[in-house]
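A.B. asks: Build me a structure from this.
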Amino acid sequence: MTISEEKQLTVPLDKLKWMYEQMVKIRYYEDQMAEVYTEGKTPVFNIGAGTVPGEMHLATGQEPAAVGICAHLTKEDTVTSPHRPHHHAIAKGVDINRMTAEIFGKETGLGKGKGGHMHLFDPNVKFSCSGIVGAGIPQAAGAALAAKMKGKDWVAVAFIGEGAANAGSFHETLNMAALWKLPLIIVVEDNSYGISVPKKQSTAVESNDLRASAYGIHSELVRNNDPIEMYRASEVAVERARNGRGPTIIEIETFRYLGHFQGDPELYREKEEVPTLRERDPILKLKNLLIDEYGVAEVEMEQMEEYARAEVDKAYEFARESNFPKPEAALEDVFTS
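C.D. replies: Numbering: from 1, shown residues only. Okay, here's the model as predicted:
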């Protein structure tokens, strides 16, 4: 159920402004990446060609899942992300210049251009991602266990798609996390599809928060891709984790405006689906809330938007101007016997 306007107004204004600016930054970043990705891939699509070769999974429309919980996190908290990671990375504070350079395969990237968009690592803010479905869940649990053993109040967040909630790593990790009361939060982004398979054809429960009861842990369900509700659900989960009250599952009903990957023909979706979802866009909703309920001037909103876009533009410029790794760099940073 959508929270009331009275509850909305209890969310601090500075947090809402931060969330809005981050959502604008993420949306613009993904829009720019969608354009850049097509360079060199036309008129015939070639996944290995162009400025950014390889697969590309964009998070346009899924911004609330990232900003709602990252608004409560610090640099000491760990975040693991799946193959659709850009919104999580930006919200967690990953160096956007080095992240973009990594995606471009440049030597100034987070992984010296060797990892690409599904393998982004920034130890400065404890962020990582993986192209393997469900791989980040036990890794986040390991970070949560380390924090508990060190006596720290750090939390670990594993972002996953709803399809990964059917993987063994999800259930095995939850059992241990519940048993050891780990400060672990699993955020399930339900964008309705596991690649091209509708959730109803792959998952036995209506929503994955229901699975929390099997492990005796707390759960939250956020409907309608609502950033305010995501903020409030995350506030509860993070507070519980920091106070030693164990793990939480948060499932958020979110919207994936684009295909599973760039180049996806999306034959599994009705043509009316995405335009209908865009009519309920969370960025516009949050903007209207800030103006109508909090009295934020439109000129200030424009300034936030301009700042966010300028930061993204600089990141893409940095990536384009950076050098590719030298051939001999392929022999560096590898394990040898």
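A.B. asks: the strands in the protein, which residues?
C.D. replies: Applying DSSP state E to the chain gives strands spanning 78-81, 121-122, 127-129, 156-161, 184-190, 193-194, 197-198, 218-222, 248-253.
A.B. asks: need those strands in CSV with mean neighbour count and distance to Asn208, can you?
C.D. replies: To be clear about C-beta, it is placed using only N, CA and C from the backbone, and glycine gets the same treatment. As requested, the strands of the chain are exported to CSV (neighbours: other C-beta atoms under 10 Å; distance: least, C-beta to C-beta, whole Å):
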stretch, mean neighbour count, distance to Asn208
strand 78-81, 28, 17
strand 121-122, 18, 27
strand 127-129, 25, 20
strand 156-161, 29, 9
strand 184-190, 29, 5
strand 193-194, 20, 12
strand 197-198, 13, 15
strand 218-222, 22, 8
strand 248-253, 26, 5
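A.B. asks: Dump those strands into TSV; add mean pLDDT as well.
C.D. replies: Below are the strands of the chain laid out as TSV (pLDDT from 0 to 100):
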stretch	mean pLDDT
strand 78-81	98
strand 121-122	97
strand 127-129	98
strand 156-161	97
strand 184-190	98
strand 193-194	92
strand 197-198	91
strand 218-222	97
strand 248-253	98
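A.B. asks: who wins for proximity to Asp313 among these?
C.D. replies: The closest of the strands of the chain to Asp313 is strand 121-122. By C-beta to C-beta, the value is 20.6 Å.
A.B. asks: What separation do you get for Arg84 and Phe261?
C.D. replies: From Arg84 over to Phe261 the distance is 9 Å, taken as C-beta to C-beta, to the nearest Å.
A.B. asks: More neighbours: which of the two?
C.D. replies: Taking neighbours as other C-beta atoms under 10 Å, Arg84 and Phe261 compare with Arg84 leading, 26 against 16.
A.B. asks: residues contacting the more buried one?
C.D. replies: Contacts here follow C-beta atoms under 8 Å, 6 or more residues apart in numbering; on that basis Arg84 touches 57-59, 62, 161.
A.B. asks: His117: which of those is nearest?
C.D. replies: Ranked by distance to His117 (C-beta to C-beta), the contacts of Arg84 are led by His57 at 7.5 Å.
A.B. asks: So that closest one is in contact with Phe261, correct?
C.D. replies: Yes. His57 lies in contact with Phe261 (C-beta atoms under 8 Å); the separation is 5.3 Å.
A.B. asks: confidence score at the nearest residue to Met304 once chain neighbours are set aside?
C.D. replies: Excluding the flanking residues, the one nearest Met304 by C-beta to C-beta, 6 or more residues apart in numbering is Glu21, at 4.6 Å. Per-residue confidence (pLDDT) for Glu21: 98.
A.B. asks: Go ahead and confirm Glu21 touches Tyr307.
C.D. replies: Yes. Between Glu21 and Tyr307 there is a contact under C-beta under 8 Å: 7.0 Å.
A.B. asks: more crowded one of these two?
C.D. replies: Higher neighbour count among Glu21 and Tyr307: Glu21, with 18 against 12, using other C-beta under 10 Å.
A.B. asks: what about the more buried one, distance to Ser234?
C.D. replies: Noted for Glu21: a distance of 18 Å to Ser234, by C-beta to C-beta.
A.B. asks: how far out from the middle of the chain is the longest helix along the chain?
C.D. replies: In the chain, with assignment by DSSP state H, the single longest helix is helix 13-38. How far helix 13-38 lies from its chain's middle: 12 Å, per C-alpha atoms, centre = their mean, to the nearest Å.
A.B. asks: can you check stretch 141-160 too?
C.D. replies: 18 Å.
A.B. asks: before we move on, back to that, which one of the contacts of Arg84 is nearest to Tyr316?
C.D. replies: Nearest to Tyr316 among the contacts of Arg84: Leu58, at 14.6 Å, using C-beta to C-beta.
A.B. asks: so who does the residue lying closest to that closest one once chain neighbours are set aside touch?
C.D. replies: Of all residues beyond its chain neighbours, the one nearest Leu58 is Glu30 (4.6 Å), with distances taken as C-beta to C-beta, 6+ apart. The contact partners of Glu30, taken as C-beta under 8 Å, 6+ apart, are 58-60, 86-87.
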